[in-house]
Each structure stands twice: as structure tokens, then as C-alpha cells.
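# Okay, structure incoming, though there's no sequence with it:
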């Protein structure tokens, strides 16, 4: 990678669009795309449209859309003219969208056609300009506006305000300056250099800092190409995209690779008694993981050199598979407030369950460590750290220690080599009866290791640990079918007799149907109750005594999640 020097995102944009002019910058898989040259031409054109519509330096301009090539065009059209980008997550509700637009004081909006239904007439009337991102069509332009102005952004200027959906409730607007994002890019480039021949496949929303900084700005710094999936990324669509793009680089959240492992890889190791027996030994497991790793590499297109995982803690069993499979994964740790990277590793230096060491330019320390375990709150300091939350001085003050370090509210510890290990969220930690620190995330990893479990949330109720479990729908369906078959033959035989004996007694026949339906329902419910006890026993055999769960509750719907697929825990805490 050729070294480039820049101090603002505008300088980055100008340098890369000139140096890598002929490279593909952003595009759909088998669809619309921009070279770096045409990216600049389009961004200049849209920037001019903003100014002519009244936009001025410092104005807040929102983007709400699924990933598409026009997303970075709008982003740089705003950023490079001295305005501030306000990305909105596509899954924000209409109520959230309205609140954020009002709180951020956004006066213009780019919205994709598929999400325009969230913008009501009342909101449109408050905005000066609304543009359909797919086509650049003006959906609304307030009359009587004078021509705006543009400015060359400086390092200290605000670049973006990012509203996180968060797992703890109300969103806050994280302010990131050009300097924050640029310093972060330099740290990321030093950790993992990119090349102009790198091909990225985007899987996460651009409106989240993880994908925005590391999946859009970082590849741009090396002149790499980024592809977006136009359709919803179902397994079939994703497999087709991987086959066509054959990416060298992907960013993912744990849930994606965990689903692949538990849904496609692990079942093959348990399909027969012979294979299961081999897999139960250390040597056999490593051998089968290596074979499966080669197949996984083929599935991903055959040339992945970096599979970055972040956003939440990766399940230990899944990481063991990736490590023994020699799949080029790496784990990073960060937050929106840190642009986002604080710590990370590269595939050659991964350590099981570690998030790596602090990235260049960032200092990390553990506050109020437990004298026995060394665990405490992770706090950070560096040029990538936000100055605070937009129009929220109280939250800003609470986010920093008295000596100016940012409080992550994550609990962790360091090993002797400075590698960071995340234990859980400070706000999620449960204090045991003997003063023990109980991390629900660690118990949930054990629960999710059960073959029938899709996902779970552990909470505390009346001094006891409760596991809310969403069972695997497909496996639950199979269990129901097996239960039905258990009485099917008796049901059919008896039904025929009744039809012959009670031709004129339809009421008796209907009663029989109802009776059998109730019997099947009762039998299935009993099976589910047995399954809950089985999960409870499975977990309690694998955790320490103060982390044992007292009861398992079935949660029939999927848990609501954030953009990085973390469960919104506050919604499921009693």
C-alpha cells in the first residue's frame, strides 16, 4: 500500500479519487458501480445540488438508506463541503427517525425509496430538502431558500453525528470530528494495511460506525473496491455474492459466523456415530476443523485474507473452530465513541477469546480492578475518542473519568502481553450472593451451545438467574412433527372406526378431533418443558455454582437486536 497523508476526510477523498481514479470504488454485485473518478464527479455534482438548495457549512444532513453505491456519494458530497453527516439506521422506527432528525437539527435528508415511507408529510415540511438516494430525485424542496455556501473542512470540524440504537435504551448522538476519524484510519491502516487489489464485500449497515469507518473509509484509503448486496442477504443471496465477488476482506459480527458454524458446520460432525466419535477427541476435532476450514474458504470465494469480527464477543467454541480451521479471522474491539477501533489483532496474532492489543495511538487501562481477578472497567484515551454527545452535556460528563479517560462501561482485563479480554458490560453484570461478578454474556454462550437453542438472554429475578431462551424454530418444528407421529397411527385407526360407527354422530367425531388435538398439544408442551429442564441441566453442568440458572423460560419470538446484532437487553430485563 502506498503511503498517503491527509488530515481531513476531504483530503482523503481528493487524494484517493485522483491516485486510484480507474479503480472500482463502490458498486453493487452485478449492478451499478463507480470508479474513483466517477465517484468524485458524482459527489461534486450532488454537493453542488446541496449548496444550490441552501445548504451551508455546519448544516446537519441525514442519510437513511440500505447499503448502495450512492450512499458514499452522498456522504462525501456532505463531508467535503463542510457539512455534517447524520447517518440513520434503516431499522429505526418512524418515531425514532422523527426524534433524531429533530434532535440533530438536520435540515436535509437523503432517503432510499424503500424507506421513504418512514418520512411523513409533517417531517418533510420541516426539512428544506428531501432527496431519493436511489435516483437523486428531489422529493421535497422548500421554496424561498437562498443559495447556500460551502467551506473546506478543518481537522477540528465536526464530521458526523452518529445515533446508536444501543442495547441500553435511548439513543445518544456521538460527535466525531475529521480529526477523530482520520487518526482512527491511521491506526487501522497500521494494524492491517490494505492494497488497491483488495476486494471487500459489505455485510453490515453503512450507518453504523463499524462499517462506516472500517468498511468504507478504510478501503478507500488504499484504493480498494467495495461491493454491496442489492437484495436482502438471505443465505442463497449471500452465497451467490461470495461466489461472484470472491472477496479478500469482510467485516462481520459474531452472529453471522456463529450461525454458519451451528447451522452448517457442526451438524456434519454429528451426522454419524463414527464421525461424532472422532470429533470427540482433540486430534480428531482439529483434523475435522481443518477439513471444514478448507470448505469454508471455498464457500467464501477462495481468497479471503482478512475476516474481521467485532461488535460483540465471539462464542469460544466458534472461535476455536476458526482458529483450528486456519481461517484468517481476527477480532477487534471498539465503540462508536472511539470511531470505533480501540484494540485489535491480525490473523497471524490472534489469541483465543482476546480482542488483541491497543491499536497505535490509543491508550487503554483497567479502572477499579478486582484485586483477585484483575477485572475492571476498560477506559480509553486517544485522538480517536469523541468529544461527547450532541446537546447532552450530562451524558458527556458521565462518559469520562475525572482525569479525562473515556469510560467504555465494558469490563475486561489484560494478560502479561497487553492483550485485552472482554468479560461483559458493566451495566449487565450481576452481583452474586457472595459478591461474585456474574457475566450473563458468558452464561449465554454456554446456553447457545445447546443444539436446540438459537439465542438467549440471562437476567436476574428475585435474586435468581433466569434464562430466556429462543429455541431453534426448525428444530422445534421437527420435534413437534415427531411428537405428532407418535400418536398418528392410533389417531388414524380410531378415526376410521368412528367414521364407520358414528356416521350420524358428527358431534362425536368433532369432539374426537378436538380431544386428539388437545392431546397432541399437551404432549408437545410436555416435550418443551422437558427441553427447558434439559437446557438448564446442560448449562449448570458447565458453569460455576454461582452462575447456575434457576429457571428457563421459552421466548417464542427472536430477540430484538441492534445494527451489530446485539440483543437489546433492556427490553428483556425485568
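Good, I have the coordinates. Because the structure is predicted, anything quoted here is derived from the model rather than measured. Residues are numbered from 1 along each chain as shown.

# alpha carbons only for contacts and neighbour counts from here, please
Fine.

# give me the low-pLDDT residue ranges for this structure?
Per-residue confidence for the chain (pLDDT under 70) gives these ranges: 1-3, 165-171, 434, 484-517, 574.

# domain ranges for it?
For the chain, the structural domains run 9-192, 216-380+402-426, 440-572, going by automatic domain parsing.

# Residue 201 is nearest to which of those?
Distance to residue 201, taken as C-alpha to C-alpha, is lowest for domain 216-380+402-426 among the domains of the chain, at 5.0 Å.

# hmm, back to that, would you mind giving the domains of the chain as a markdown table with distance to residue 432 and mean neighbour count added?
Listed next are the domains of the chain as a markdown table, based on distance: least, C-alpha to C-alpha, whole Å; neighbours: other C-alpha atoms under 10 Å:
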| stretch | distance to residue 432 | mean neighbour count |
| --- | --- | --- |
| domain 9-192 | 21 | 20 |
| domain 216-380+402-426 | 14 | 18 |
| domain 440-572 | 6 | 16 |
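
# so which of the ones you listed comes closest to residue 392?
domain 9-192 (8.0 Å).

# The stretch 151-300 of the chain: strands as residue ranges?
Secondary structure of the stretch 151-300 of the chain by DSSP state E, counting those that start in this stretch: the strands cover 158-163, 173-177, 199-201, 225-228, 249-252.

# of these, which approaches residue 132 most closely?
strand 225-228 (18.3 Å).

# same for that closest one, what does it pack against?
With contacts taken as 3 or more C-alpha pairs under 8 Å, 6 or more residues apart in numbering; DSSP states H and E, strand 225-228 sits against strand 24-28, strand 199-201.

# Give the bridge partners for the closest residue to residue 202 other than its chain neighbours, please.
In space, and not counting its chain neighbours, residue 202 is closest to residue 228: 5.4 Å by C-alpha to C-alpha, 6 or more residues apart in numbering. Here residue 228 sits in beta bridges with residue 28, going by DSSP bridges.

# please begin residue numbering at 39 from this point
Will do, 39 is the new start, and the previous item becomes residue 266.

# hang on, residue 266 packs against residue 68?
No - Residue 266 is beyond contact range of residue 68, at 9.6 Å (criterion: C-alpha atoms under 8 Å).

# so how far is the first residue of stretch 231-243 from its last?
23 Å (C-alpha to C-alpha, to the nearest Å).

# List the contacts of it.
Applying C-alpha atoms under 8 Å, 6 or more residues apart in numbering, the contact partners of stretch 231-243 are 39, 58, 61, 104-105, 127-128, 249-250, 253, 256-257, 259-267, 280, 283-290, 601-602.

# One more: stretch 218-228?
Contact partners of stretch 218-228, identified using C-alpha under 8 Å, 6+ apart, comprise 44-47, 251-252, 255-256, 376-379, 397-399, 421-424.

# Ok, stretch 514-524 next?
Outside stretch 514-524, the residues that touch it by C-alpha under 8 Å, 6+ apart are 490, 558, 561-562.

# thinking again about what came up before, wait, which of the helices and strands packed on strand 263-266 is closest to residue 200?
For the helices and strands packed on strand 263-266, proximity to residue 200 was assessed by C-alpha to C-alpha; strand 62-66 is nearest, at 21.8 Å.

# hang on, isn't residue 106 packed against residue 254?
No - Residue 106 lies out of contact with residue 254 (C-alpha under 8 Å); the separation is 11.4 Å.

# and the closest residue to residue 340 other than its chain neighbours, what is it in contact with?
Closest residue in space to residue 340, ignoring its immediate chain neighbours: residue 284 at 6.6 Å, by C-alpha to C-alpha, 6+ apart. Neighbouring residues of residue 284 by C-alpha under 8 Å, 6+ apart: 237, 338-342.

# quick one: which of those is nearest residue 132?
Using C-alpha to C-alpha, the contacts of residue 284 come closest to residue 132 at residue 237, 34.8 Å.

# Quick check: bridge partners of the closest one?
residue 263.

# if we can go back for a sec, in JSON lines: the helices and strands packed on strand 263-266, plus distance to residue 466.
What follows is those, written out as JSON lines (distance: least, C-alpha to C-alpha, whole Å):
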{"stretch": "strand 62-66", "distance to residue 466": "39"}
{"stretch": "strand 237-239", "distance to residue 466": "33"}
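
# hey, where'd the strands end up in the stretch 489-612 of the chain?
491-499, 502-509, 589-592.

# who does the first one pair up with?
Right, the one you point to is strand 491-499. Going by DSSP bridges, the partners of strand 491-499 are strand 502-509 (antiparallel).

# Please apply the same query to the shortest one.
Looking at strand 589-592 with DSSP bridges, its paired strands and their directions are strand 502-509 (parallel).

# For residue 584, list the residues it contacts.
Residue 584 makes contact with 470-471, 474, 476, according to C-alpha under 8 Å, 6+ apart.

# Now a ChimeraX select for only the buried ones of these.
In ChimeraX syntax, the buried subset of the contacts of residue 584 is picked out as below (16 or more other C-alpha atoms under 10 Å):
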select :470,476
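
# Can you tell me which of the contacts of residue 584 is nearest residue 133?
Closest to residue 133, out of all of those and judged by C-alpha to C-alpha, is residue 476, at 35.4 Å.

# Tell me how many other residues crowd the residue nearest to that closest one when sequence neighbours are not counted.
In space, and not counting its chain neighbours, residue 476 is closest to residue 468: 5.0 Å by C-alpha to C-alpha, 6+ apart. Other residues within reach of residue 468, judged by other C-alpha atoms under 10 Å, total 20.

# need the contact list for residue 468.
475-478, 498.

# closest to residue 169 among the residues you listed?
residue 478 (43.8 Å).

# Correct me if wrong: residue 507 contacts residue 490.
No - using C-alpha under 8 Å as the test, residue 507 is too far from residue 490 to be in contact (9.8 Å).

# would you list the strands of the stretch 189-338 of the chain in a markdown table and tack on distance to residue 514?
As requested, these are arranged in a markdown table below (distance: least, C-alpha to C-alpha, whole Å):
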| stretch | distance to residue 514 |
| --- | --- |
| strand 196-201 | 37 |
| strand 211-215 | 41 |
| strand 237-239 | 33 |
| strand 263-266 | 34 |
| strand 287-290 | 28 |
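
# for those strands, which one sits closest to residue 315?
That would be strand 287-290 among these, by C-alpha to C-alpha, at 31.9 Å.

# Please work out which residues outside the closest one touch it.
Identification of contacts with strand 287-290 by C-alpha under 8 Å, 6+ apart yields 236-242, 249, 253, 342-348.

# Grab the nearest non-local neighbour of residue 136.
The spatially closest residue to residue 136, leaving aside those adjacent along the chain, is residue 161, at 6.9 Å (C-alpha to C-alpha, 6+ apart).

# Find the helix or strand that the one you found is a member of.
Secondary structure from DSSP states H and E places residue 161 in helix 159-164.

# what's the following helix or strand after that helix?
Per DSSP H and E, the first helix or strand lying C-terminal to helix 159-164 is strand 167-170.

# which helices and strands does that next one pack with?
strand 144-149, strand 175-179.

# So which of the helices and strands packed on strand 263-266 is nearest residue 142?
Between residue 142 and the helices and strands packed on strand 263-266, the tightest spacing by C-alpha to C-alpha is seen for strand 62-66, at 27.8 Å.

# what's the distance between that closest one and the middle of its chain?
22 Å (C-alpha atoms, centre = their mean, to the nearest Å).

# hang on, the earlier thing: so which of the contacts of residue 468 are in helices?
Cross-referencing the contacts of residue 468 against helices under DSSP state H gives residue 478.

# Wasn't residue 460 part of a helix?
No - read with DSSP: H, G, I helix; E, B strand; the rest coil, residue 460 is strand and lies in no helix.

# Show me the beta-bridge partners of it.
Under the criterion used (DSSP bridges), residue 460 bridges to residue 450.

# Give the other helices and strands that the helix or strand containing residue 446 contacts.
Element membership for residue 446 (DSSP H and E) is strand 444-452. On a contact count with 3+ C-alpha pairs under 8 Å, 6+ apart, strand 444-452 meets strand 414-419, strand 458-463.

# Could you list the residues in contact with that strand?
With C-alpha under 8 Å, 6+ apart as the criterion, strand 444-452 contacts 373, 404, 412-419, 423, 437-439, 458-465.
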